[in-house]
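**Student:** take a look and give me a structure for this.
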Amino acid sequence: QGRTGNVDLPRRIEITVNMALGPLARVAAQLVVAGIAVLSRALPAAYAQALNNAKKGGGAAAAAKDGGFMARKVMARDEALSVLNLNEAEVTAEAVQKQYERYFAANDVSKGGSFYLQSKVHRAKEQLDEFIKEKRMEEAAAAKENSGDVNTDGGEQQRQDRGGKKMNQ
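**Tutor:** Model prediction:
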């Protein structure tokens, strides 16, 4: 009996292990099958959506148009005015340059300042410089439009405008 007891013990362990692994293996197999079923539905749908985006100029074309993730974001004019502590009426090239130099120097990294704030000051100056440029272009266009209304002789007025511009530059 002792001999048969020794032989039966490993068999019992083997049967117990097989029985314990059986339900676990079945659950694992069901999870794998469910995952494959989900992927088999999702992947073709995602591929079809990617093709539609590509046809419409989406995906890489949209990223290229926006400049991608490394694109520089343009600061809003209100934020730029706030960063340089100016209001729209005070915006001149001299005032922007003065505030820029003041705040850029105050946030100098070598003096314990913040690189982040320095970059904000720099972006604010860029935005306001662009605003000043646009404002000058609008004023020049308005002046040209107004001067054309006053004089009926267009050729004569153009010569005067050219002369005036050369003298001002």
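**Student:** look up how far Tyr103 lies from Ser45.
**Tutor:** No, residue 45 isn't Ser; it's Ala. 51 Å (CB to CB, to the nearest Å). C-beta coordinates here come from the backbone N, C-alpha and C atoms, glycine included.
**Student:** who's more crowded, those two?
**Tutor:** The neighbour count for Ala45 versus Tyr103, taken as other CB atoms under 10 Å, is higher for Tyr103 (20 against 9).
**Student:** the more buried one contacts Val121, correct?
**Tutor:** Yes: using CB atoms under 8 Å, Tyr103 is in contact with Val121, at 4.5 Å.
**Student:** any residues in contact with both of those two?
**Tutor:** By CB atoms under 8 Å, 6 or more residues apart in numbering, Tyr103 and Val121 have these common neighbours: Val83, Leu84.
**Student:** so what's Asp108 closest to, chain neighbours aside?
**Tutor:** Gln118 (7.2 Å; CB to CB, 6 or more residues apart in numbering).
**Student:** which strand or helix spans that neighbour?
**Tutor:** helix 115-150 (DSSP states H and E).
**Student:** quick check: buried residues in that helix?
**Tutor:** For helix 115-150, the neighbour count (16 or more other CB atoms under 10 Å) marks Gln118, Lys120, Val121, His122, Arg123, Ala124, Lys125, Glu126, Gln127, Leu128, Asp129, Phe131 as buried.
**Student:** can you list those residues in TSV and add distance to Arg26?
**Tutor:** Shown next, in TSV, are those (distance: CB to CB, whole Å):
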residue	distance to Arg26
Gln118	63
Lys120	60
Val121	65
His122	64
Arg123	60
Ala124	64
Lys125	68
Glu126	64
Gln127	64
Leu128	69
Asp129	70
Phe131	69
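**Student:** nearest to Asn87 among those residues?
**Tutor:** Leu128 (11.5 Å; CB to CB).
**Student:** so the closest residue to the closest one other than its chain neighbours: helix, strand or coil?
**Tutor:** Leaving out its chain neighbours, the residue that sits closest to Leu128 by CB to CB, 6+ apart is Val96, at 4.7 Å. Using DSSP: H, G, I helix; E, B strand; the rest coil, the structure places Val96 in helix.
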